[in-house]
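Trainee: Predicted model and sequence below, questions to follow.
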Amino acid sequence: MHSILILNGPNLNLLGTRQPEIYGRTTLADIEEMCRTYARAIDVEVAFDQSNHEGDLVDALHAARGTHHGVILNAGAYTHTSIALMDAIKSVDLPVIELHLSNIHARESFRHHSYVSPVAIGLICGFGARGYTLAMDALVSHLEKDT
Ligand code: CA2
């Protein structure tokens, strides 16, 4: 059975509580529940995590090697700043899907650059919470290609 890590970065713990016009009213706990329900439906194992700390996200990526078959990463604002996350993704040699709730290309120009995109297998953005299950489908399809 495929095992997927869904990893969330800084401030995503605030989802549903502030700026609903950008990020919606769904909380991260709601998204986790949605992902767990969907994982059961498509028969995959899922781990769900969030950290506000760059080094913890790097550690979680390192730990994913040998534990999970792929990663869905919403790196939050570290997407646009973190060479450390880019290097970690490269080093673990796991398929990573970059995910954003909002369409980062329709927002401020500083969100148009991503350090994750060059080392991800693909990018899903702009579909809100639904993006998480879209990313699960995309990652499972990618993993099934190799089996
Ligand atoms: O659209 C996304 O998923 C982002 O990764 C969210 C990040 C942002 O920096 C990226 O450019 C795009 C921000 C997450 C902050 O989430 C909040 C939620 C509620 C209230 C305040 C922040």
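Mentor: Ah, there it is.
Trainee: Can you say which helix or strand has residue 115 in it?
Mentor: Using DSSP states H and E, residue 115 sits in no helix or strand.
Trainee: Could you list which residues are in contact with the nearest residue to it once chain neighbours are set aside?
Mentor: Nearest in space to residue 115, with sequence neighbours left out and distances taken as CB to CB, 6 or more residues apart in numbering, is residue 86 at 4.2 Å. No exception for glycine: its C-beta is placed from N, CA and C like everyone else's. By CB atoms under 8 Å, 6 or more residues apart in numbering, the residues touching residue 86 are 115, 116, 118, 119.
Trainee: Tell me the buried residues in the helix or strand hosting residue 39?
Mentor: Per DSSP H and E: residue 39 is located in helix 28-42. Within helix 28-42, the residues that count as buried by 16 or more other CB atoms under 10 Å are 28, 31, 32, 34, 35, 39.
Trainee: Output that helix as CSV - backbone C-alpha positions only.
Mentor: Backbone C-alpha positions of helix 28-42 (Å, rounded to 0.1, in the frame of the first residue of the first chain) are rendered in CSV as follows:
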residue,chain,number,x,y,z
LEU,A,28,-6.4,22.5,8.7
ALA,A,29,-8.1,19.9,11.0
ASP,A,30,-11.0,19.8,8.4
ILE,A,31,-8.4,19.3,5.6
GLU,A,32,-6.7,16.5,7.6
GLU,A,33,-10.0,14.8,8.1
MET,A,34,-10.9,15.1,4.4
CYS,A,35,-7.5,13.6,3.5
ARG,A,36,-7.8,10.7,5.9
THR,A,37,-11.3,9.9,4.6
TYR,A,38,-10.1,10.1,1.0
ALA,A,39,-7.1,8.0,1.8
ARG,A,40,-9.4,5.2,3.1
ALA,A,41,-11.4,5.5,-0.1
ILE,A,42,-8.4,5.1,-2.4
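Trainee: pLDDT score for residue 146?
Mentor: For residue 146, the model assigns a pLDDT of 68.
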